[in-house]
Every structure is written in structure tokens, then in C-alpha cells.
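**Q** Could you work out the structure for the sequence below:
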Amino acid sequence: MNLFALTKLSYGLYIVATKEGEKINGQIANTVFQVTAEPIKVAVALNKLNLTHEMVSRTGKFSVSVLTQEAPFTFIGKFGFKTGRDVNKFESVNYRISDNGLPIVLDYTCAYIECKVVNSFDAGTHTIFLGEVIDADILSENPPMTYDYYHKEVKGKTPKTASTYIKEERKE
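**A** Below you'll find the model as predicted:
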């Protein structure tokens, strides 16, 4: 079986974030997708080991900031390869707290979506959170970053906690 066939599925690159009390945290996710049109719902897959997963589980809400192709690897790495248990990922990042109390990343973001969790599904290493959209807006017309673009142009890697992680990197 060639597991790299799965790399042909389309994904984007997003920062999924939440706020619990005074603590804000977010992480890179590539598995965010719209599920229904009425009411509008999206799903996101988060690794159970991640702090963002714990916080979304407790707060019942999350935001999704859609990253643009301009996002550099250093910015992506801040949210994708570090833990909010050890660092403040939002330090030196432009963001705002929405009227719904959620962090919206403003740097390298073309759109955002805010959700309240209406259901969750155990998917083994990950939980799929189903969120009803409570707000959304477009911040720029810059093109969104696809996961394919991230790998080919940014030369990014996939962390072990990602839903799309494959044990051995493909040799080019």
C-alpha cells in the first residue's frame, strides 16, 4: 500500500485557537472542512495530546484563522512545532480577541471562522470537533495556503501529532 496516495487529498493550513480564562493558545491544523450549509458547521481534527485540544474540550469554542501563502515557516513553526504549555505562541503575533472571546490571528491570515462546539467524535489519536459557525469574515484577498503549497514551496515538515503524519518522509 502506498500511503503517499493520501497526500493527494486537498488540505489547507490553519491556526485553530481558543481562550480559557486569560490563557490563549492555538495550533496549526490542516484538517478543517465545512460539513453543512444550514446551519453552517465545520469540523476540525485536533490531536488529543495538544493543549489546544484540552482547551477546546473545556471551553466548547474555537476559532480558525486561514493562513495565506505569505506565511513564513518560522511563523507556522511557532504554532506547529511548539507547545503552549512551554511558550506563549501569541507573543509577537498580531491578533485580536473577538466579541465571542476567541483569538483571531491577523498576521498572514486571509479569513477567520468562529465556532461553538456542538458535537465531538473520538477518532483514535484525534478528536473531531464539530462546530456551528457563529461568525466569519474575510481579512484579505491573498491566496490561502494549501498543504501541498506548504510542503512544496515552504518546504515544511509534518509533525508527529498531525492527522496526516506518515512515519517516513518521501524521498524526492
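**Q** Contacts for the lengthiest strand in the chain next, please.
**A** Counting by DSSP state E, the longest strand found in the chain is strand 109-123. Contacting residues not belonging to strand 109-123 are listed as 15, 41-42, 45, 56-57, 60-68, 98, 100, 102, 104-105, 127-144 [C-beta atoms under 8 Å, 6 or more residues apart in numbering]. (C-beta placed from N, C-alpha, C; glycine too.)
**Q** repeat that with 7 Å
**A** For strand 109-123, the surrounding residues in contact (C-beta atoms under 7 Å, 6 or more residues apart in numbering) are 41-42, 45, 56, 60-68, 98, 100, 102, 104, 127-140, 142, 144.
**Q** before we move on, what about stretch 90-108?
**A** Applying C-beta under 7 Å, 6+ apart, the contact partners of stretch 90-108 are 15, 17-19, 24, 26, 61, 63, 65, 67-68, 70-71, 75, 112, 114, 134-135, 139.
**Q** Show me these that map onto strands.
**A** Short answer: the contacts of stretch 90-108 in strands (DSSP E) are 15, 17-19, 24, 26, 61, 63, 65, 67, 112, 114, 134-135.
**Q** could I get stretch 107-119 in PDB with only the CA atoms?
**A** Provided in PDB are the C-alpha atoms of stretch 107-119 (Å, rounded to 0.1, in the frame of the first residue of the first chain):
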ATOM      1  CA  ASP A 107      -0.700  38.100  10.600                       C
ATOM      2  CA  TYR A 108      -0.700  36.100   7.300                       C
ATOM      3  CA  THR A 109      -4.500  35.400   7.600                       C
ATOM      4  CA  CYS A 110      -7.000  35.800   4.800                       C
ATOM      5  CA  ALA A 111     -10.100  34.800   6.700                       C
ATOM      6  CA  TYR A 112     -11.300  33.600  10.000                       C
ATOM      7  CA  ILE A 113     -14.200  31.500  11.300                       C
ATOM      8  CA  GLU A 114     -15.500  31.200  14.900                       C
ATOM      9  CA  CYS A 115     -17.400  28.200  16.100                       C
ATOM     10  CA  LYS A 116     -19.200  26.800  19.100                       C
ATOM     11  CA  VAL A 117     -18.700  23.100  19.500                       C
ATOM     12  CA  VAL A 118     -22.000  21.200  19.000                       C
ATOM     13  CA  ASN A 119     -20.500  17.600  19.000                       C
END
